[in-house]
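Colleague: sharing a model prediction with you, sequence too.
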Amino acid sequence: MSAVNRQIRLARRPVGVVRPEDWASTEEPVPSPPEGWFLGRTRYLSVDPAMRGWLDDRPSYLPPVGIGEVMRAGSVLEVVESAHPGYRVGEFVTGTFGVQEYALSDGSGAHRVDPGLAPLPTYLGALGMPGMTAYFGLLEVGALREGETVVVSGAAGAVGSLVGQIAKVKGCRVVGIAGGADKCAWLTGELGFDAAIDHRSEDVRRALRDHAPDGIDVYFDNVGGPILDAALSRLALHARVVVCGAISQYNNEGAVQGPSNYLALLVRRARMEGFVVFDYAARYRDAARELAGWLADGRLTAREHLVKGGVDDFPATLQLLFDGANTGKLVLELA
């Protein structure tokens, strides 16, 4: 194929906020697939808070992205050339193919998806990693029971918005914490949350007393920092705190701010547990089937925040997450 593959590579490790000079835009010829491989053109790129952690050279659940490497990212590819017996031109697949216009694959880690069953971006959101994270984080780690009170931070994001909706499906009271009146209105309106707290304009601790007077049974944390501390002060007896992320801390140049109210775990006989969704990979298919059923019958709403552009727009699109500018799953749609 006589075309150019544009890519975004990590040029240097960021300190604090990720800056434009931390990235390099490169080009290379698009190769033809060898026997047993296929070539895909990137249609949609997943943009996720976890990406910030992948840029730091420190121990984690995945190796850091190397200097000079194509940035790691989930994506939806359209197969444009194939020498693989299992993949035909015109089919769509998801996988971790990186921030680039084209990718070669031997099929490892590729999952065929059907745009006739759901829009392609949904396979990066409700039917992708955010959906799996919400599902297993809430139901397995959070050990949710009917009738409980669930509070979720980052509630208007890709994972948080699904956590609250799944909790409603399971018969629970749901309080979401988000930034901005529009996001809070979306939570209590279209998504059916029982209450929403705007952390930009409200005292979160006081609002939690009002909206969870009997305490929090499950707190699903996506942000860390002061909001985590506020939630710990309102735990019910035998509460479960699910540590999914801490986006408020990812750009810290110094030490991460830990919870000062951690002794509430002792007093309330509660537990705080982190998790990595990859540990549940063997059960993704079953979870996706149930999530797809809820989407089909209207009990679950998927929302993707689409940014249209090219791979060179990835750095600015990633920053939207840390500015709190996205609602729902953030996806870069390649023109």
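Modeller: Yep, it's here.
Colleague: so for the residue nearest to the spatial centre of the chain, what's the pLDDT?
Modeller: The residue lying closest to the centre of the chain (Cα atoms, centre = their mean) is P130, at 4.4 Å. pLDDT recorded at P130 is 97.
Colleague: S2 now?
Modeller: At S2, pLDDT is 55.
Colleague: now that Y284 has come up, it's in contact with M132, right?
Modeller: Yes - using Cβ atoms under 8 Å, Y284 makes contact with M132 at a distance of 5.6 Å. Quick note: C-beta positions are derived from backbone N, CA and C, even for glycine.
Colleague: of the two, who's got more company?
Modeller: M132 (22 against 19; other Cβ atoms under 10 Å).
Colleague: tell me the buried residues in the host helix or strand of the more buried one?
Modeller: Using DSSP states H and E, the element containing M132 is helix 129-136. Buried residues in helix 129-136, defined by neighbour count with 16 or more other Cβ atoms under 10 Å: M129, P130, G131, M132, T133, A134, Y135, F136.
Colleague: mind listing what the following helix or strand past it pairs with, with the direction of each?
Modeller: Per DSSP H and E, the first helix or strand lying C-terminal to helix 129-136 is strand 149-153. Applying DSSP bridges to the sheet, strand 149-153 is found paired with strand 173-178 (parallel), strand 216-221 (parallel).
Colleague: now the buried residues of helix 129-136 as CSV including distance to L334?
Modeller: What follows is these, written out as CSV (distance: Cβ to Cβ, whole Å):
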residue, distance to L334
M129, 19
P130, 20
G131, 22
M132, 24
T133, 24
A134, 26
Y135, 28
F136, 30
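Colleague: what ranges does the stretch 1-150 of the chain have for its helices?
Modeller: Taking DSSP state H, counting those that start in this stretch, the helices of the stretch 1-150 of the chain run over residues 50-54, 129-136.
Colleague: got a markdown table for those helices, with distance to L232 too?
Modeller: Shown next, in a markdown table, are the helices of the stretch 1-150 of the chain (distance: least, Cβ to Cβ, whole Å):
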| stretch | distance to L232 |
| --- | --- |
| helix 50-54 | 23 |
| helix 129-136 | 21 |
